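Asks: below are the sequence and a predicted model for it; my questions follow.
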Amino acid sequence: MTEGHHPKLSDPTGLDIGQSLWQSCMDQLAQELPEQQFNTWIKPLSAQVLEDMSKVTIFVANRFKLDWVRAQYSSRIASMLEKMYGQPVQVELAITPRDTPVRTASSPKLVEAIAAEESPEFGEDRGHSGPKNRLNAMLTFENLVEGTANRMARAAAMHVATMPGHLYNPLFIYGGVGLGKTHLMHAVGNRLLADKPGSKVLYIHAEQFVSDVVKAYQRKTFDEFKDRYHSLDLLLIDDVQFFANKDRTQEEFFNAFEALLAKKSHIVMTSDTYPKGLADIHERLVSRFDSGLTVAIEPPELEMRVAILINKARVEGSEMPEEVAFFVAKNVRSNVRELEGALRKILAYSRFNQKEISIALAREALRDLLSIQNRQISVENIQKTVADYYKIKVADMYSKKRPASIARPRQIAMYLAKELTQKSLPEIGELFGGRDHTTVLHAVRKIGGERQQMTELNQQLHVLEQTLKG
Ligand SMILES: Nc1ncnc2c1ncn2[C@@H]1O[C@H](COP(=O)(O)OP(=O)(O)OP(=O)(O)O)[C@@H](O)[C@H]1O
């Protein structure tokens, strides 16, 4: 596997075959990997496939993730693609150029952007003195669209960037995937360095911190480790939920935390949940995480999604008419990363077909995505599918019977109803024979938890999910 500097888009037809191959690969990885690993490392990847299927370029958000994906998953992906396609497929990795004004392969700017990010200097201090800070200079406050979903987090981050070490220390930002937490952290670091170039700033993903602890442990270099971390002015640490169950790391992080706070250095953290929701993290750390300011980033509301699309299209050198932006924003609701993916598809489609961006074109470019979303999954359908699968009667989904052979499929159906439909817990309870919402919640938590531990159950759920999604 090599790193790609010249990714090339295929034409729309090639893109479809390639994309479906890529999708199958993703589906398989989703089955094989623990959910958290899949969501963190694999789900955000996007791929471009050459017309003749000889090469796949996988785009990764930053240098750290690139190294990680290469080390952990690249050969697995390559052999999976080869098996699916029946011929060797060359797999390359490249960093997604953020907000660079191009996406097409032939454009020299894209190549430059990737080459710049792939160069050994990437992550170095970009003109500032001091150790490497791993900041991505392209993630700034200026290109982070503001909306009600991120207003508080943005304001707090801005405050930290202008007056570090004062209020909101630590700043703990949490929210779902692809909502801009990482972007916001980099923005803080970049702003501080712009204002005070001598500052010692470090952006680090929690897993990298874990491997630094392991290295220091193996090489007995804890003094160096401490020098490095305890001397910072600003520590930006991403995805702290990854500290779960890592006792030694938690201890070292606790030490770094105390040392930094004592000297009025600032700490900004992100996580997929609020501090008290973190599992398997020592109580003394959790309470410290919560001791400054904890803010959420919510999924962006419609108007914000529209603004993001229009802004990002502009940065890419295209104008997206407002009506098209509304159409896309109404259909792509989950997070900003998916919004960016949709925009990329539309721009590529418009360029290859040399057509203006319109609703019709967007519909065409996003047809796979839209057809998945339009396929409504009903609770009735879930009940029927699950009953068939476990060979019980559909009526048992509503009955009061409690033997495990019935109660368990019923709990599985409740879990799937929560996962795959927009229904609330009370609504689901109602559809399962008028059960209380706490019964549904119990089922959702139980099956969700067991799924992480039990491979067989996970596989059964996957089969059911695939059947239901069609
Ligand atoms: N408000 C926004 N305005 C502009 N771009 C945004 C905004 N929010 C997110 N993005 C962009 O969306 C993409 C995903 O954001 P980011 O990587 O920061 O998400 P995250 O919350 O850290 O997700 P994860 O937990 O999956 O890492 C990035 O390319 C980021 O620049």
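Replies: That came through, no problem. The structure displayed is predicted, hence computed values, not measured ones. Numbering: from 1, shown residues only.

Asks: CA atoms for contacts and neighbours, from now on please.
Replies: Will do.

Asks: now the strands for the stretch 101-250 of the chain?
Replies: For the stretch 101-250 of the chain, the strands defined by DSSP state E, counting those that start in this stretch occupy 171-174, 201-205, 234-238.

Asks: out of those strands, flag the one nearest Asp388.
Replies: Among those, the nearest to Asp388 by Cα to Cα is strand 171-174 (39.6 Å).

Asks: elements contacting the closest one?
Replies: With contacts taken as 3 or more Cα pairs under 8 Å, 6 or more residues apart in numbering; DSSP states H and E, strand 171-174 sits against helix 151-162, strand 266-271, strand 293-296.

Asks: buried ones in the helix or strand following the second one?
Replies: Past strand 266-271, further along toward the C-terminus, the next helix or strand under DSSP states H and E is helix 283-289. For helix 283-289, the neighbour count (16 or more other Cα atoms under 10 Å) marks 285-286, 289 as buried.

Asks: can you check the pLDDT for the residue nearest to the spatial centre of the chain?
Replies: Taking Cα atoms, centre = their mean, the centroid of the chain lies closest to Val177, which sits 3.9 Å from it. On pLDDT, Val177 comes in at 85.

Asks: give the full set of residues in contact with it.
Replies: 39, 272, 335 (Cα atoms under 8 Å, 6 or more residues apart in numbering).

Asks: how close does it get to Ser358?
Replies: Here Val177 is placed at a distance of 29 Å from Ser358 (Cα to Cα, to the nearest Å).

Asks: now do Ala262
Replies: When Cα to Cα is applied, the distance between Ala262 and Ser358 equals 56 Å.

Asks: how about Leu33?
Replies: 39 Å.

Asks: who has more neighbours out of these two?
Replies: Between Leu33 and Ser358, counting by other Cα atoms under 10 Å, Ser358 is the more crowded of the two (18 against 13).

Asks: excluding residues flanking it in the chain, which one is nearest that one?
Replies: Val324 (6.0 Å; Cα to Cα, 6 or more residues apart in numbering).

Asks: you'd agree that neighbour is up against Ala362?
Replies: Yes - taking contacts as Cα atoms under 8 Å, Val324 lies within contact range of Ala362: 7.2 Å.

Asks: what's the neighbour count on Val379?
Replies: Neighbours of Val379 (other Cα under 10 Å): 22.

Asks: likewise for Glu430?
Replies: 15.

Asks: how about the closest residue to it other than its chain neighbours, what does it touch?
Replies: Once flanking residues are discounted, Glu430 sits nearest to Asp436: 7.5 Å by Cα to Cα, 6+ apart. The contact partners of Asp436, taken as Cα under 8 Å, 6+ apart, are 426, 429-430.

Asks: give me the pLDDT for the residue nearest to Thr182 when sequence neighbours are not counted.
Replies: Excluding the flanking residues, the one nearest Thr182 by Cα to Cα, 6+ apart is Asp238, at 6.7 Å. Asp238 carries a pLDDT value of 95.

Asks: so where's the stretch 351-470 of the chain shaky on pLDDT?
Replies: 371-375, 470 (pLDDT under 70).

Asks: quick one, helices of it?
Replies: Remark: helices assigned in the stretch 351-470 of the chain by DSSP state H, counting those that start in this stretch are 359-365, 367-374, 379-389, 404-420, 425-431, 437-453, 455-469.

Asks: just put the ones you listed in CSV and tack on distance to Leu93.
Replies: CSV is the format used below for the helices of the stretch 351-470 of the chain (distance: least, Cα to Cα, whole Å):
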stretch, distance to Leu93
helix 359-365, 24
helix 367-374, 24
helix 379-389, 39
helix 404-420, 32
helix 425-431, 42
helix 437-453, 29
helix 455-469, 28
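
Asks: quick one, grab the pLDDT at Pro300.
Replies: 90.

Asks: repeat for Arg76
Replies: On the pLDDT scale, Arg76 gets 86.

Asks: tell me how many other residues crowd it.
Replies: 13.

Asks: returning to that earlier point: and the ligand, which of the contacts of Asp436 reach it?
Replies: Residues shared between those and the neighbourhood of the ligand: none [Cα under 6 Å from any ligand atom].

Asks: with distance to Met414 added, can I get these in TSV?
Replies: Converted to TSV, these look like this (distance: Cα to Cα, whole Å):
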residue	distance to Met414
Pro426	11
Gly429	8
Glu430	11
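
Asks: nearest to the ligand among those residues?
Replies: The closest of those to the ligand turns out to be Pro426 (Cα to the nearest ligand atom; 29.4 Å).

Asks: distance check, that closest one against Gly434.
Replies: 9 Å.

Asks: now Arg191. Nearest residue, chain neighbours left out?
Replies: Ala161 (5.9 Å).

Asks: contacts only, for that neighbour.
Replies: 188-189, 191-192.

Asks: list only buried entries from the residues you listed.
Replies: 188-189, 191-192.

Asks: show me those residues that map onto helices.
Replies: Among those, DSSP state H puts 188-189, 191-192 in helices.

Asks: can you put the residues you listed in CSV and add distance to Leu461 and pLDDT?
Replies: Converted to CSV, those look like this (distance: Cα to Cα, whole Å; pLDDT from 0 to 100):
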residue, distance to Leu461, pLDDT
Val188, 41, 98
Gly189, 42, 97
Arg191, 45, 97
Leu192, 47, 97
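
Asks: relative to Leu202, which of those residues is nearest.
Replies: For these, the nearest to Leu202 is Gly189 (7.8 Å; Cα to Cα).

Asks: quick one: residues contacting the closest one.
Replies: Here Gly189 is in contact with 135, 161, 201-203, 234, 236 (Cα under 8 Å, 6+ apart).

Asks: which residues of the stretch 151-300 of the chain lie near the ligand?
Replies: Residues of the stretch 151-300 of the chain lying near the ligand (Cα under 6 Å from any ligand atom): 177-183.

Asks: PyMOL command to pick out the buried ones of those?
Replies: Of these, the buried ones can be selected in PyMOL as follows, counting by 16+ other Cα under 10 Å:
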select buried, resi 177+178+179+180+181+182+183
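
Asks: that older thread, which one's more surrounded, Pro426 and Gly434?
Replies: Pro426 (17 against 14).

Asks: could you verify my assumption that the more buried one touches Gly433?
Replies: No - here Pro426 does not reach Gly433: they are 11.3 Å apart, not a contact under Cα under 8 Å.

Asks: list the residues that contact both of the two?
Replies: Between them, Pro426 and Gly433 share no contacting residue, judged by Cα under 8 Å, 6+ apart.

Asks: quick one, what contacts Thr273?
Replies: Residues near Thr273 by Cα under 8 Å, 6+ apart: 174-176, 241.

Asks: which of those residues has the most neighbours?
Replies: Neighbour-wise, these (other Cα under 10 Å) top out at Tyr174, 25 neighbours.

Asks: surely that one and Ala296 touch.
Replies: Yes - with contacts defined as Cα under 8 Å, Tyr174 counts as touching Ala296 at a distance of 4.9 Å.
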